[in-house]
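Chemist: Predicted structure and sequence below. I'll ask about it afterward.
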Amino acid sequence: MKIDRDVILKLEKLAKLQLQDHERAELLNDLNAMLKMIGKLDELNVDDLPPLRHITDAVNQLREDQPAAPMNAEDALKNATSQDGTYFKVPKIIE
């Protein structure tokens, strides 16, 4: 697969970007270089290798939940970017 100008223009539209011509050229070169590197994986013979399920043999070290005293409203709101003294203020997302 090779990335061409049409693919870059389509990606630009989908991502809602407005790129300059030199940025498109850089992106085109970068994406083609990435595909070339990934294409090198096709040269490997992996027929006898089992599927890799995990990168390491490490196991998660989980801790027990410890009940603690609840945080008071003042402490909870002190770092809020927007609040009214009692509640966090967030943008309305439901019409």
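Modeler: Structure's in. What do you need?

Chemist: so where do the helices sit in the protein?
Modeler: Counting by DSSP state H, one finds helices in the chain at the ranges 5-14, 21-39, 73-77.

Chemist: next one: the first one to chain centre, how far?
Modeler: It refers to helix 5-14. 20 Å (C-alpha atoms, centre = their mean, to the nearest Å).

Chemist: Out of the helices of the chain, point me to the one whose mean pLDDT is lowest.
Modeler: Confidence, taken as mean pLDDT, is least for helix 73-77 of those (a mean of 90).

Chemist: Test for you: state the pLDDT assigned to Lys2.
Modeler: For Lys2, pLDDT reads 85.

Chemist: you'd agree Ser82 is up against Pro91?
Modeler: No. Using C-beta atoms under 8 Å, Ser82 is not in contact with Pro91, being 9.0 Å away. In short, each C-beta sits where N, CA and C put it, glycine included.

Chemist: what about the two, which has more around it?
Modeler: Ser82 (10 against 5; other C-beta atoms under 10 Å).

Chemist: Local confidence estimate at the more buried one?
Modeler: 92.

Chemist: okay, the helices of the chain in CSV with distance to Ala58 and mean neighbour count next?
Modeler: Output for the helices of the chain, formatted as CSV (distance: least, C-beta to C-beta, whole Å; neighbours: other C-beta atoms under 10 Å):
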stretch, distance to Ala58, mean neighbour count
helix 5-14, 37, 12
helix 21-39, 27, 12
helix 73-77, 34, 12
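
Chemist: Alright, that wraps it up for me.
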